[in-house]
Each structure stands twice: as structure tokens, then as C-alpha cells.
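Visitor: Attaching a predicted model along with its sequence, questions to come.
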Amino acid sequence: MAACNDRPNLVERAIYKLGEPENQARLLQVAWRISFLMMVMGFIIIIKTIYPEFM
């Protein structure tokens, strides 16, 4: 098989980078914006279903 080396592979490095506080804060901001956008879109769909002539 392949020789074992001490360098972490790409996945381990990516997980380590995501564990840093700055990157966790950035991920939280993106997740919050996505969830807020989905909530607004849901409200628009509900309002358009109840009031078809809205907008």
C-alpha cells in the first residue's frame, strides 16, 4: 500500500480550518442569511397563496 506520512490530508486540513473561530463566525453569518432568505420566500409564497392578486 501507500507509505504513511505525517502530513494531514486535504479533508483533515479543511476540517481544521473550519474549526477556527473566524471561519465559524463566517459560516454562521452565511447560514443565518440563507435561513432568513428562505423564511422571507416562504412568507411570500404563503401570502401569494392566500391573496393571489398580491404583488
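Guide: Nice, I can see it.

Visitor: now Glu53: how far from Ile46?
Guide: Applying Cβ to Cβ, to the nearest Å, the value for Glu53 to Ile46 is 15 Å. (C-beta placed from N, C-alpha, C; glycine too.)

Visitor: Between the two, point out the one with more neighbours.
Guide: Counted by other Cβ atoms under 10 Å, Glu53 and Ile46 do not tie: Ile46 has more neighbours, with 10 against 5.

Visitor: so which strand or helix has that one?
Guide: helix 21-50 (DSSP states H and E).

Visitor: Show me what that helix is packed against.
Guide: helix 10-18 (3 or more Cβ pairs under 8 Å, 6 or more residues apart in numbering; DSSP states H and E).

Visitor: Would you mind writing the CA trace of the helix it packs on as PDB?
Guide: What follows is helix 10-18, C-alpha atoms only, in PDB (Å, rounded to 0.1, in the frame of the first residue of the first chain):
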ATOM      1  CA  LEU A  10      -7.000  17.700   2.400                       C
ATOM      2  CA  VAL A  11     -10.100  16.800   4.300                       C
ATOM      3  CA  GLU A  12      -8.400  17.000   7.700                       C
ATOM      4  CA  ARG A  13      -6.900  20.400   6.800                       C
ATOM      5  CA  ALA A  14     -10.300  21.700   5.700                       C
ATOM      6  CA  ILE A  15     -12.000  20.500   8.900                       C
ATOM      7  CA  TYR A  16      -9.200  22.100  10.900                       C
ATOM      8  CA  LYS A  17      -9.600  25.400   9.100                       C
ATOM      9  CA  LEU A  18     -13.400  25.300   9.600                       C
END
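
Visitor: Which other helices and strands does that helix contact?
Guide: Judged by 3+ Cβ pairs under 8 Å, 6+ apart, helix 10-18 is in contact with helix 21-50.

Visitor: Pull out the buried positions in the helix it packs on.
Guide: By 16 or more other Cβ atoms under 10 Å, helix 21-50 has no buried positions at all.

Visitor: can you start the count at 33 instead of 1 from here on
Guide: Okay, using 33 as the starting number, the last item reads as helix 53-82.

Visitor: Sweet, I'm off.
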